[in-house]
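A.B. asks: Here is a sequence with its predicted model. Questions after.
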Amino acid sequence: MSRLQIELPGLQLRNPIMPASGCFGFGREYSQFYKLDQLGAIMVKATTAEPRFGNPTPRVAETTSGMLNAIGLQNPGLEKVMNEELPWLSQYDVPIIANVAGSTIDDYVSVAKRISTAPNVHALELNISCPNVKEGGLAFGTVPETAYEVTKAVKDVSSVPVYVKLSPNVTDIVQMAKVVEKAGADGLTMINTLLGMRIDLKTGKPILANGAGGLSGPAIKPVAIRMIHQVSQQVNIPIIGMGGVQTAEDVVEYFLAGASAVAVGTANFVDPFVCPTIIEALPALLNELGVDHISELTGRSWKKEWNLQSSSH
Amino acid sequence: MSRLQIELPGLQLRNPIMPASGCFGFGREYSQFYKLDQLGAIMVKATTAEPRFGNPTPRVAETTSGMLNAIGLQNPGLEKVMNEELPWLSQYDVPIIANVAGSTIDDYVSVAKRISTAPNVHALELNISCPNVKEGGLAFGTVPETAYEVTKAVKDVSSVPVYVKLSPNVTDIVQMAKVVEKAGADGLTMINTLLGMRIDLKTGKPILANGAGGLSGPAIKPVAIRMIHQVSQQVNIPIIGMGGVQTAEDVVEYFLAGASAVAVGTANFVDPFVCPTIIEALPALLNELGVDHISELTGRSWKKEWNLQSSSH
Amino acid sequence: MRQLKAELVSQTEIAYSIFEVIVYHEAIDEQFQPGQFVHVKAGNGYDPLLRRPISICHIDPEKHLLTMIYRAEGKGTRLLAKMVPGGVVDLLGPLGQGFPVESVGAGDTAWLVGGGIGVPPLYYLSEELTKRGVTVKHVHGFQTESVVFYEEKFKALGPVTITTADGSYGEKGFVTTQLDHDADYLFACGPSPMLRALESYPAKKGVYLSLEQRMGCGIGACLACVCHVQGDETGLAYRKVCSDGPVFRAGEVVL
Amino acid sequence: MRQLKAELVSQTEIAYSIFEVIVYHEAIDEQFQPGQFVHVKAGNGYDPLLRRPISICHIDPEKHLLTMIYRAEGKGTRLLAKMVPGGVVDLLGPLGQGFPVESVGAGDTAWLVGGGIGVPPLYYLSEELTKRGVTVKHVHGFQTESVVFYEEKFKALGPVTITTADGSYGEKGFVTTQLDHDADYLFACGPSPMLRALESYPAKKGVYLSLEQRMGCGIGACLACVCHVQGDETGLAYRKVCSDGPVFRAGEVVL
Ligand SMILES: Cc1cc2nc3c(=O)[nH]c(=O)nc-3n(C[C@H](O)[C@H](O)[C@H](O)COP(=O)(O)OP(=O)(O)OC[C@H]3O[C@@H](n4cnc5c(N)ncnc54)[C@H](O)[C@@H]3O)c2cc1C
Ligand SMILES: Cc1cc2nc3c(=O)[nH]c(=O)nc-3n(C[C@H](O)[C@H](O)[C@H](O)COP(=O)(O)OP(=O)(O)OC[C@H]3O[C@@H](n4cnc5c(N)ncnc54)[C@H](O)[C@@H]3O)c2cc1C
Ligand SMILES: Cc1cc2nc3c(=O)[nH]c(=O)nc-3n(C[C@H](O)[C@H](O)[C@H](O)COP(=O)(O)O)c2cc1C
Ligand SMILES: Cc1cc2nc3c(=O)[nH]c(=O)nc-3n(C[C@H](O)[C@H](O)[C@H](O)COP(=O)(O)O)c2cc1C
Ligand code: FES
Ligand code: FES
């Protein structure tokens, strides 16, 4: 068995590296750079029941070692995703994680029910943490009761395991994680973006037409690591970690914190080859760290057994 | 009147720039670099009733465009601050904002009561947002009821205006701001640090001995700007903004978001002259922006009147 | 489209804060078309994080050289301006859809209208059009005298009118006042208000406008750079400036 | 203590990933003392953000030159290693309390014990001690042969024993096994386990240890770098490595 192979609910991953939702479209653009079946999986762009145009532009702004986006869940809608995007992706032998979004629980349910039947969709990622839409989105991800409800409703209809994507914009991330675990989530993905804003000195107004947007990139990595460190000790479902991952070292840091796989978002914009580059770099890094299989690293930062083991060295 | 002069509750500031609490000690070290009365004010290190040693080391870790700290409120205690630090500072004609911390409401009250009587203390900064101590600190800053209680109790005993320092680690920053305003706060200071963590690849353990710590520096600026933009529209008390300020441009961005003054923290470690450098650079920047007085900038990003005005240009 | 680690060959400040940079990479050739752009990484670290879109200003396909002209203003471009020969410039490209050079024929006449830092792509366009026997005329608008560039270079290809907003050089005022109405084509690149003013220019054969938009990926994946389609009543149709553009036929998208 | 924008004069890789860098600034003079350090900014931007503490390895007070030796390992030091002559190195210094050179007199004997990247400050110390007529002997421990540096330079000042952890050069094992017990002083800089092993060395006149700690400000303001005081029962007494140290008399602080 390969040192990078990982098994998670619904997912047989040849390696634990996957592009994060919204940062890779439905894969077409990046397929010009490399063969997509090198990836562990692909988290595709959020899909809603109906097509959406999203927010007015400008939709992105740079920040120090990060970026803000307010795309606003633009997507071609469920039908087109089912009939065009997912079939196109099926030419690659790579599991798809479908990111599901909506404004009401019914929205989520109808998308989840249908999209989970696509042959190459091996898991859902329930996006209850999008900061860029007026209704739904973030609201679902910051109120424990609604997070519970939507997770449960989606679990009831989904044909594949359901991962819930947590928002970092909460006081108590552990509470949110426990609530969705109780509602039946098979896994967690975290974190979505932090809410942020930049203001243009010349116009005096926010750079993003939407005002605020979601902060991603290396700037937020310490927040993600902290949250995964906290949550992974309190739940019994696996975590796919994300936020500012750029290198194989970052991936290891996420595993040590408690992640079982890692998604790469913003970094794709900077370096379109970032995912294959990380995948290639991992084995040498595991050698350096004296680790046989990457999964041994999950949660080492807090695992007691490992403390004992290592102190006996 | 100078273009930088600002009046806030309890504070006549010759300019709106002040070092942030914990990043400037009690001023002694930086007085080797420049005369402290160039500053608008000084926010001194948190003071607790009894002396504290703080957390074990390492206490700092670098992150991408930021740093984590877990100093743990080390300070010489109220008596020594009253008898040695504040008298030493009184040689400079600069208002002091005393940062007050504690583990219980009684702690806060006893420090606030006494320290607010020091002649050069013109305002208190109520630190209900320190992420680095086990009890008190952050707990006060994330639960609306306790934030209300401690603010009210301190207001009752303080001889000078009270600014409450808000934690960004909450779901609803506006709610927290409104609660402390209702409790009588004269102003807000925001933001304290985001909770974050870094893990050392070699040891597999968090770099900070304390595990998690507070994230500061340019990485967090977009979060601070967003929160000040939200809060300043919902409260009627002034905001001293902070988080990643390094340049005069950053200061203007904070004003546009809704701040009435700005504190500089981490940047002092990088450039000990950062505060005077910013103060010196501000007038030319105001010229460039066509602004007479810096206070005109406060809240421009959301002020309707200014929208009308500017669209008539 | 490829990722190229090109070598910086020369860098010159050709006007106030306006830099001409020439880079070499063996993959630079005639596949780089007028109106297309490259996405440039400034600095090696994570700050600045995003790439910067910069137009192709000139290609020497034999020597594999790419010329770009940019204004050093923000964090990224100021870093770029500090680079010296021998340095490595990481760029993605060529990106996007350029001007429809192929459809313009010998004998056609074309107005090339540039505003400020929108002028550079028109140089390569003008070169390629004149090669095909097209008669080109240029109007370039700038803020002020100190930022005018490439006037002589364009003159070698066809007549040039310069306007400045403050009247410090050439004609005072905007480019739009300088156009006669008898060209077959109009090609323009510059700020949105200028493009909107040119949208209805009565060209006999076509008006093509190169748009600017803040970008994330630059390759069509992130949907940062979309614009609405004119006449689309659903409000759902869109074009991506980075991959469907930056050049659009006037009337195709909402400016 | 000042902020100096020094000019990089030369930079050489003197061992595997070990760089010797020499910088010039007119304010560099004999006020820079052995055991003190400078706080160095790597790169111009916000990433990396913090300064790096680097020891003073040698001063030429006439020519106003400062020599530092560092290992290029992390983000900051790797950036520093890319700098070339003519570049500006922004440093704060001299910082902290150095070795008590003044109190060591002619005829005294001293062991200078360095571990890895703790060796550089001992060079300047050795120079100053030998100038005063002190008899110095050196023991330097390294991981492996490829990272050994400055052996000849130290030999010019006094005998040198090298140990390597893997035995690839000099004696195999740790520095502690190489010391005789008849020196008046012992001065050491290196990793904490080494310092702890040397803390109880029976020097007749004094043992001084230079500590390492992660720093924020480097000047005593942020309390990042504190350590406990030995024998303090309140647990409240502390010393700051950056401003009370980095050199402490053995027994003063808890290692
Ligand atoms: C297709 C296209 C071609 C371009 N060609 C040129 C050219 O040939 N020469 C030239 O000087 N400029 C050109 N621009 C504009 C150029 O991309 C911006 O001036 C540049 O990105 C600003 O970067 P900065 O580091 O100076 O500013 P910063 O303020 O540091 O930029 C911050 C962020 O905002 C983005 N941004 C800021 N201004 C603009 C803008 N006007 N358009 C798009 N993104 C912006 C940056 O890309 C970056 O992501 C072009 C833009 C586009 C879309
Ligand atoms: C007083 C003193 C003198 C020193 N003198 C020298 C010297 O002469 N030569 C030399 O090579 N090294 C010296 N060091 C160690 C040196 O400061 C670190 O190796 C360096 O800061 C690491 O930076 P980096 O960019 O390589 O690593 P990164 O991992 O990028 O550093 C990240 C952060 O951690 C800090 N850090 C990492 N390792 C250490 C460490 N061992 N000690 C303190 N901070 C650390 C960095 O300063 C930075 O803030 C000294 C340390 C101290 C405290
Ligand atoms: C442009 C952009 C679009 C995004 N769209 C989505 C989305 O549709 N659904 C979603 O769950 N997350 C979305 N995200 C969040 C990312 O999947 C990821 O959680 C976040 O960006 C943090 O990872 P990063 O720092 O590696 O980018 C988007 C992020 C960016 C930058
Ligand atoms: C080393 C360090 C110590 C700090 N100590 C305190 C403190 O004692 N009290 C407090 O209210 N905030 C403290 N802070 C938070 C800062 O005052 C400030 O709110 C935060 O660092 C954000 O600003 P910056 O990005 O400019 O540093 C500390 C920050 C740092 C980096
Ligand atoms: S910039 Fe990403 S789609 Fe155009
Ligand atoms: S590093 Fe700030 S007090 Fe020592």
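C.D. replies: Yep, it's here. Numbering: from 1, shown residues only, chains lettered A, B, ... in the order given. Ligands and ions are numbered 1, 2, ... in the order given.

A.B. asks: domain parsing for chain C?
C.D. replies: The record assigns chain C these domain ranges, following automatic domain parsing: C:2-95, C:101-211, C:213-255.

A.B. asks: can you redo those as a markdown table with distance to ligand 1, mean neighbour count and mean pLDDT?
C.D. replies: For the C-beta atoms, the positions are set from N, CA and C on the backbone; glycine is no exception. Shown next, in a markdown table, are the domains of chain C (distance: least, C-beta to the nearest ligand atom, whole Å; neighbours: other C-beta atoms under 10 Å in any protein chain shown; pLDDT from 0 to 100):
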| stretch | distance to ligand 1 | mean neighbour count | mean pLDDT |
| --- | --- | --- | --- |
| domain C:2-95 | 2 | 19 | 96 |
| domain C:101-211 | 4 | 19 | 95 |
| domain C:213-255 | 4 | 20 | 96 |
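
A.B. asks: And those: which comes nearest chain D?
C.D. replies: Nearest to chain D, of all these, is domain C:2-95, at 4.5 Å by C-beta to the nearest C-beta.

A.B. asks: and that closest one with ligand 3, contact?
C.D. replies: No - Domain C:2-95 is not in contact with ligand 3 by C-beta under 6 Å from any ligand atom; minimum separation 10.0 Å.

A.B. asks: hmm, that domain touching chain D?
C.D. replies: Yes - judged by C-beta under 8 Å from any C-beta of the partner chain, domain C:2-95 comes into contact with chain D at C:43, C:45-47.

A.B. asks: now the helices for the stretch 201-313 of chain A?
C.D. replies: A:221-232, A:248-257, A:267-270, A:274-289, A:304-311 (DSSP state H, counting those that start in this stretch).

A.B. asks: what about those, which gets the closest to ligand 6?
C.D. replies: Ranking these by proximity to ligand 6 (C-beta to the nearest ligand atom) places helix A:221-232 first, at 19.6 Å.

A.B. asks: and that closest one with helix B:221-232, angle?
C.D. replies: Helix A:221-232 and helix B:221-232 are oriented at 80 degrees to each other (axes from the mean of the first three to the mean of the last three C-alpha atoms, to 10 degrees).

A.B. asks: could you point out the longest strand in the chain?
C.D. replies: Going with chain A. strand A:121-127 (DSSP state E).

A.B. asks: hm, I was asking about chain C
C.D. replies: Chain C, longest strand under DSSP E: strand C:2-15.

A.B. asks: ok, back up a step: among the residues of domain C:2-95 next to chain D, which lie within strands?
C.D. replies: Among the residues of domain C:2-95 next to chain D, no member falls in strands (DSSP E).

A.B. asks: how about TSV for the domains of chain C, with distance to A:Ser21 added?
C.D. replies: Formatted as TSV, the domains of chain C follow (distance: least, C-beta to C-beta, whole Å):
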stretch	distance to A:Ser21
domain C:2-95	19
domain C:101-211	27
domain C:213-255	11
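
A.B. asks: Distance to ligand 4 added to these, as TSV?
C.D. replies: Formatted as TSV, those follow (distance: least, C-beta to the nearest ligand atom, whole Å):
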stretch	distance to ligand 4
domain C:2-95	15
domain C:101-211	33
domain C:213-255	26
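
A.B. asks: can you tell which of the ones you listed is closest to D:Leu122?
C.D. replies: domain C:2-95 (33.5 Å; C-beta to C-beta).

A.B. asks: The closest one close to ligand 5?
C.D. replies: No - using C-beta under 6 Å from any ligand atom, domain C:2-95 stays clear of ligand 5, coming no nearer than 8.3 Å.

A.B. asks: Ok, stretch A:211-231 next?
C.D. replies: No - on the criterion C-beta under 6 Å from any ligand atom, stretch A:211-231 is out of touch with ligand 5, staying 13.6 Å away.

A.B. asks: just how off-centre is that stretch within its chain?
C.D. replies: 12 Å (C-alpha atoms, centre = their mean, to the nearest Å).

A.B. asks: C:Leu65 is in contact with C:Leu8, isn't it?
C.D. replies: No - taking contacts as C-beta atoms under 8 Å, C:Leu65 lies outside contact range of C:Leu8: 10.9 Å.

A.B. asks: can you tell me which residues contact the residue of the stretch 151-300 of chain A found nearest ligand 4?
C.D. replies: Closest approach of the stretch 151-300 of chain A to ligand 4 (C-beta to the nearest ligand atom) occurs at A:Ala219, with a separation of 11.8 Å. The contact partners of A:Ala219, by C-beta atoms under 8 Å, 6 or more residues apart in numbering or on different chains, come to A:63-66, A:244, B:64-66, B:218-220, B:222.

A.B. asks: Not counting its neighbours along the chain, what's nearest residue 249?
C.D. replies: All of this refers to chain A. Excluding the flanking residues, the one nearest A:Glu249 by C-beta to C-beta, 6 or more residues apart in numbering or on different chains is B:Leu201, at 6.1 Å.

A.B. asks: actually it's chain C I care about, not the one you picked
C.D. replies: That would be C:Tyr208: by C-beta to C-beta, 6+ apart, it lies 5.8 Å from C:Arg249.

A.B. asks: any idea how far chain B is from A:Thr63?
C.D. replies: 5 Å (C-beta to the nearest C-beta, to the nearest Å).

A.B. asks: beta partners for that residue?
C.D. replies: A:Gly66 (DSSP bridges).

A.B. asks: Could you pull out the helices in chain C for me?
C.D. replies: With helices called from DSSP state H, chain C shows them at C:75-81, C:120-131, C:151-155, C:192-198.

A.B. asks: can you put those in JSON lines and add distance to D:Gly218?
C.D. replies: Supplementary listing: those in JSON lines, determined by distance: least, C-beta to C-beta, whole Å:
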{"stretch": "helix C:75-81", "distance to D:Gly218": "26"}
{"stretch": "helix C:120-131", "distance to D:Gly218": "46"}
{"stretch": "helix C:151-155", "distance to D:Gly218": "52"}
{"stretch": "helix C:192-198", "distance to D:Gly218": "48"}
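
A.B. asks: tell me which parts of the stretch 151-300 of chain A are close to chain C?
C.D. replies: So far as C-beta under 8 Å from any C-beta goes, the stretch 151-300 of chain A lies against chain C at A:207, A:217-218, A:246, A:266, A:268-273.

A.B. asks: So among the residues you listed, which ones count as buried?
C.D. replies: Neighbour counting over those (16 or more other C-beta atoms under 10 Å in any protein chain shown) leaves A:207, A:217-218, A:246, A:266, A:268-272 as the buried ones.

A.B. asks: interface residues of the stretch 101-250 of chain A facing ligand 6?
C.D. replies: Checking the stretch 101-250 of chain A against ligand 6 by C-beta under 6 Å from any ligand atom, there are no hits.

A.B. asks: low pLDDT regions in the stretch 101-250 of chain A?
C.D. replies: A:132-138 (pLDDT under 70).

A.B. asks: mind running it again at 90?
C.D. replies: The stretch 101-250 of chain A contains residues with pLDDT under 90 at A:103, A:129-142.

A.B. asks: can you list the residues of it near ligand 3?
C.D. replies: A:127, A:130, A:165, A:192-193, A:216-217, A:220, A:242-245.
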